[in-house]
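Asker: sequence? don't have it. structure:
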Ligand SMILES: Nc1ncnc2c1ncn2[C@@H]1O[C@H](COP(=O)(O)OP(=O)(O)OP(=O)(O)O)[C@@H](O)[C@H]1O
């Protein structure tokens with residue numbers, strides 16, 4: 001393994017059979033991940049992220065297309081690959097809580113057939129690395145969520161895998177613990193590991209990943225460095241409007257004002273409700289925006305550069321608009337014409 005890509009995916013498709021017929025979770029996606037890269041997969045709920053990670057980590061077979069991990073076809077080299085990959089899914093499953101952290105790690109090392117004289121010093125080093133050495137002989141049931149997640153990371157590393165899949169590794173963690181876990185993830189490439197991670201948090205992807213791939217409805221919407229994605233939309237400025245008191249149709253009215261040339265979203269930030277408008281008109285839009293929102297009580301109105309999250313919102317909404325238009329056009333074609341095409 002020198003010049004090979006860590007992950008090579010071509011035309012990968014996964015369809016689930018459901019009562020109503022078929023559900024396309026991945027629709028012919030292609031991408032590569034280099035060795036030593038920290039690669040992020042972003043996408044809304046149901047985008048296909050977990051399906052993709054499960055295929056890459058040999059837990060699920062693709063319907064068609066190819067996926068090679070460390071040069072091995074995931075469908076053919078399961079046994080060989082499992083020793084070389086580490087998998088961490090969000091949540092608490094996968095540890096034995098009635099025994100200690102050290103016993104957990106010894107057990108998992110044993111499953112991979114690692115001799116004690118190799119495993120023991122590695123376990124010591126890992127416990128130290130995830131800052132659990134002083135609590136290593138305590139039962140895991142007495143651990144906090146954060147300690148369990150750090151132990152999960154040690155478990156993922158116990159067989160010294162070359163590539164690690166992390167599915168939403170900081171989900172449900174408090175901000176301080178999440179930051180600790182992110183710190184440990186950042187160090188993985190320095191330990192020679194390739195990391196593929198999924199996340200719902202844009203700032204996390206921006207802080208950790210060398211490249212990110214945005215997926216929606218099983219297709220790749222964008223793939224680039226976080227910086228290039230942000231800078232790839234020079235026409236876009238963002239306006240944040242603090243809505244101190246708002247009317248129900250405020251967002252809809254702003255949407256009509258923007259008229260498909262950008263995007264509008266509202267989110268709550270602590271006590272604040274913030275309406276964000278992305279528009280190529282930038283600051284020029286502010287007076288009209290204030291006029292449209294004249295019956296609301298507004299706080300600060302600020303024009304700023306887009307963040308990765310803004311770009312993400314725009315990419316997803318543009319993709320969905322394009323798909324809706326294509327579906328409407330398809331539905332407008334008379335049935336006879338569809339059959340003859
Ligand atoms: N076992 C299954 N049977 C049927 N459909 C499934 C199954 N697993 C996933 N799906 C569907 O496949 C699509 C992709 O799901 P997937 O879990 O991969 O998305 P995701 O991006 O990981 O979502 P989330 O962020 O909510 O975890 C969704 O429409 C989902 O409902």
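Answerer: Great, that's in hand. Keep in mind it's a predicted model, so treat the numbers as computed, not measured.

Asker: Can I take it that residue 65 is in a strand?
Answerer: Yes: the assignment for residue 65 by DSSP: H, G, I helix; E, B strand; the rest coil puts it in a strand.

Asker: And it, what's its pLDDT?
Answerer: You'll see residue 65 listed with a pLDDT of 96.

Asker: Up against the ligand, what does the stretch 51-200 of the chain have?
Answerer: Of all the residues in the stretch 51-200 of the chain, those in contact range of the ligand (CB under 6 Å from any ligand atom) are residue 51. Quick note: C-beta positions are derived from backbone N, CA and C, even for glycine.

Asker: pLDDT weak spots in the stretch 51-200 of the chain?
Answerer: Along the stretch 51-200 of the chain, the model assigns pLDDT under 70 to residues 90-92.

Asker: which residues sit in contact with the closest residue to the ligand within it?
Answerer: In the stretch 51-200 of the chain, no residue comes nearer to the ligand than residue 51, which is 3.3 Å away by CB to the nearest ligand atom. For residue 51, the set of contacting residues under the criterion of CB atoms under 8 Å, 6 or more residues apart in numbering consists of 14, 25, 26, 60, 218.

Asker: go again using 7 Å as the cut-off
Answerer: In this structure, residue 51 makes contact with 14, 25, 26, 60, judged by CB atoms under 7 Å, 6 or more residues apart in numbering.

Asker: what do you get for residue 302?
Answerer: The contact partners of residue 302, by CB under 7 Å, 6+ apart, come to residue 240.

Asker: Okay, and the beta partners of it?
Answerer: Here residue 302 sits in beta bridges with residue 240, going by DSSP bridges.

Asker: Leaving out chain neighbours, which residue sits closest to the residue of the stretch 51-200 of the chain closest to the ligand?
Answerer: If the residues on either side of it in the chain are set aside, residue 51 comes closest to residue 25, at 4.3 Å by CB to CB, 6 or more residues apart in numbering.

Asker: in the stretch 101-250 of the chain, which spans are helices?
Answerer: Here the stretch 101-250 of the chain has its helices, by DSSP state H, counting those that start in this stretch, at 101-111, 116-129, 145-157, 175-187, 202-208, 226-231, 250-258.

Asker: Buried deepest among those, which one?
Answerer: Highest mean neighbour count among the helices of the stretch 101-250 of the chain (mean count of other CB atoms under 10 Å): helix 145-157, with a mean of 22.

Asker: for that helix, packing partners?
Answerer: strand 85-89, helix 101-111, helix 116-129, helix 175-187 (3 or more CB pairs under 7 Å, 6 or more residues apart in numbering; DSSP states H and E).

Asker: how distant is it from the center of its chain?
Answerer: 19 Å (CA atoms, centre = their mean, to the nearest Å).

Asker: Next, the angle from that helix to helix 116-129.
Answerer: Relative orientation of helix 145-157 versus helix 116-129 (axes from the mean of the first three to the mean of the last three CA atoms, to 10 degrees): 140 degrees.

Asker: Return the distance of the closest residue to residue 199 other than its chain neighbours relative to the ligand.
Answerer: Setting aside the residues directly before and after it, residue 199 is nearest to residue 205 in space (CB to CB, 6+ apart), at 5.4 Å. Residue 205 sits at a distance of 13 Å from the ligand (criterion: CB to the nearest ligand atom, to the nearest Å).
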